[in-house]
Structures are given as C-alpha cells and as structure tokens.
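>>> just the structure for this:
(chains A, B and C)
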Amino acid sequence: MPELPEVEVIRQDLARRVVGRRIRRVEITEPRLTRRRGTPRRVEMALAGHSVKALRRRGKCFVFNLGQDSLVIRLGMTGQLLWRQGDEDVRPDRHTHARFLFSGNNVLAYRDIRKFGEIFLLPTKDVERILSLGVEPLEASFTPEMLRRVCGSSSKIKPLLLDQAKIAGIGNIYADEALFRAGIRPTRRASSLRAEEIRALQRAIRAVLLAGIRHRGSSISDYRDADGQPGRFVPLHRVYRRHGKPCVRCGTPIRRIILGQRGTHFCPTCQR
DNA sequence: AGTACGCCCTGGCCGC
DNA sequence: TGCGGCCAGGGCGTAC
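Sure, this is the predicted structure:
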C-alpha cells in the first residue's frame, strides 16, 4: 500500500530517468484507469510527443509536468510503476494496464492488481486546486502550529491523520507508526491533544515518514520500487500488523481495533 | 461536520 | 484439490 514514503522512493527512482525524456507513445489497456477524467484514447493521444519537464510528488500522487498539462498517477492499494530498459522487453502480464514508451527505448509500466489506482490529465495550473490536498508533512510549512490547526476537530486523531485534505500522504501504516512514536492513542479526540502532544506528533510524523523513505518503503503486499525491489521498512514497524506481539518498548501485547473502517494497531500501555 | 457503510478489485489465507 | 467466505484498505459516494 503505497503511502508518501513509497511514492517518494519511486519518484526519486524515476525522476532521474524520465525528466527530459520524451514520451513517444502510451498504451492504456484498462479503461477503469482513466475513470476519473477522460478516456484511455484521449489520454494516450494527449501524452504522445510530450517531454517530462519535472516529476514531483503531491501526497500519494505522482505529478508529471509536461508543460501545459500534467499527468497525475495514483497507485491506490496495489499499483506499481516499473521502469524497464528497452532491451529487457519484459512482456506485460495481465496486471499491466498501461505502458509509457519513452525515447531511448525505455518503458514505464503501470501494474495494478486491484485496479484502485488511476491515471488522469490536468491542466498544470489547476493541479493544486483539483487535487485539493492538505499540507505536505515533510515541507517546512508543516509546523506544530499547522498541526494544531488541523487538530481543531472533534474527530478521532487517527482518522484525521488519514484525511488527505488535511495532511497529504499519510496512510494506515504511517498513521499507526506515528501515533505509537508520539505515545498517543489512535482513539483520542484530536481536539483533546495537549500542546506537547501536538509537538510530539508533528515530530513523529516527520520522523516516521523520513525513516520510511530511508528504508525505501514498506512492502506489506505489493509495493515495489521502480526497479521491482521491495522496501526494507516492515521489520522496523513497531505496531503495524504486530498485534499480539510484545511492544518493543514495554512488552505489552500490541492491540488491534477497527477505527474508521481501518485496522488500527497500538500499545495500550505506551499510548495514552 | 462527523461517522458508518458499501463499493470498486484481486489474491491470499483459513476452514471444511 | 477445491471452494466458499473473509480480509486487506485508498478513496469516493451515500445516508444518517
């Protein structure tokens, strides 16, 4: 499940390969991919011939800047972006739903087993407005004060962390891991957090996202980097999917509950 | 506004 | 071996 760190790792892998390269041709073979906007044919035609000026990340989205238009790719739960050298010529399997053929005979393949991901085009000037995502947690603007403002809500803190319109890029894994590091129970009302808890959570969010990037992501199920390699962060998870196992800090068995329809993991002793 | 639920989709796993 | 049922959850739509 690609969240901010996984998307960032892939972005870094791809940026040095696609920026400045021209998209020769695009093949989209799964109509669901473009359901949000346009059709496969229209996206294919609009992309062909354009060069990638920049590749950035916004929350969990890739944004390929092509000039007038930008190509947005969201990986959903099981999406993968795989870079293939021309001479490898890997046959696309039944889960490869799009291929971007670049100058220099290289291919960027989009695979997605569950087809929750999407590909669409936006006018570059409208990307921010239409994606309407919250603050980037790794940017300087994500201060304790900013988090305090986000927390002015009666909702529980964990579902709030997952709200992409408030903070962009945090998913189920990193939400649980950040709350553990901050010593905060996922069921706490956001508005009940004290100033020092807000500060701890702001630090924990940044720390856990940076650690995720440093270890090249969490390969829970299908996550792979642009070269098909899994990340190494899972063994460093402290609570996510560790229910029943002893807390790394105090030994209390990690508990699992459902919160906002999501599996939620925490230490009942360390998180208050 | 918050919260709950169903849906999209597939593969993995469990019990029988 | 095989099949039904359940689970994983990102994001969206709908209902209360």
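
>>> so what touches stretch A:247-265?
By Cβ atoms under 8 Å, 6 or more residues apart in numbering, the residues outside stretch A:247-265 that reach it are A:156, A:158-159, A:162, A:172, A:176, A:180, A:186-187, A:238-246, A:266-270. C-betas here are computed from N, CA, C, even on glycine.

>>> mark which of these are buried, thanks.
Buried by 16 or more other Cβ atoms under 10 Å: A:156, A:158-159, A:162, A:172, A:176, A:180, A:186, A:238-242, A:266-267, A:270, out of those.

>>> could you restrict those residues to the ones contacting DNA strand C?
Among these, proximity to DNA strand C is found for A:162, A:172, A:241 (Cβ under 7 Å from any atom of the strand).

>>> can I get the strand or helix carrying A:Ala178 as PDB, trimmed to CA atoms?
Element membership for A:Ala178, per DSSP states H and E: helix A:172-182. Presented in PDB, the C-alpha positions along helix A:172-182 are these (Å, rounded to 0.1, in the frame of the first residue of the first chain):
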ATOM      1  CA  ASN A 172      -2.800   3.400   7.500                       C
ATOM      2  CA  ILE A 173       0.800   2.200   8.200                       C
ATOM      3  CA  TYR A 174       2.400   5.500   8.900                       C
ATOM      4  CA  ALA A 175      -0.600   6.800  10.900                       C
ATOM      5  CA  ASP A 176      -0.300   3.900  13.300                       C
ATOM      6  CA  GLU A 177       3.500   4.200  13.500                       C
ATOM      7  CA  ALA A 178       3.500   7.900  14.100                       C
ATOM      8  CA  LEU A 179       0.900   7.700  16.800                       C
ATOM      9  CA  PHE A 180       3.000   5.000  18.600                       C
ATOM     10  CA  ARG A 181       6.100   7.100  18.400                       C
ATOM     11  CA  ALA A 182       4.200  10.100  19.800                       C
END
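
>>> residues making contact with it?
Contacts to helix A:172-182, defined as Cβ under 8 Å, 6+ apart, come from residues A:1, A:3-5, A:157-158, A:161-162, A:170, A:185-186, A:197, A:200-201, A:203-205, A:207-209, A:212, A:218, A:220, A:237-240, A:262-267, A:270-271.

>>> and it, what's its mean pLDDT?
Mean pLDDT, helix A:172-182: 94.

>>> same check on stretch A:101-118?
Rounded mean pLDDT across stretch A:101-118 is 92.

>>> hmm, back to that, in strands, which of the buried ones among the contacts of stretch A:247-265 fall?
Among the buried ones among the contacts of stretch A:247-265, DSSP state E puts A:Phe266 in strands.

>>> in contact with the nearest residue to A:Glu27 once chain neighbours are set aside, which residues?
Once flanking residues are discounted, A:Glu27 sits nearest to A:Arg99: 4.7 Å by Cβ to Cβ, 6 or more residues apart in numbering. Under the criterion of Cβ under 8 Å, 6+ apart, the neighbours of A:Arg99 are A:26-27, A:92, A:107-110.

>>> can you list the strands that the host helix or strand of A:Arg99 pairs with?
Here A:Arg99 sits within strand A:96-102, counting by DSSP H and E. Strand A:96-102 pairs in its sheet with strand A:23-28 (antiparallel), strand A:106-112 (antiparallel), by DSSP bridges.
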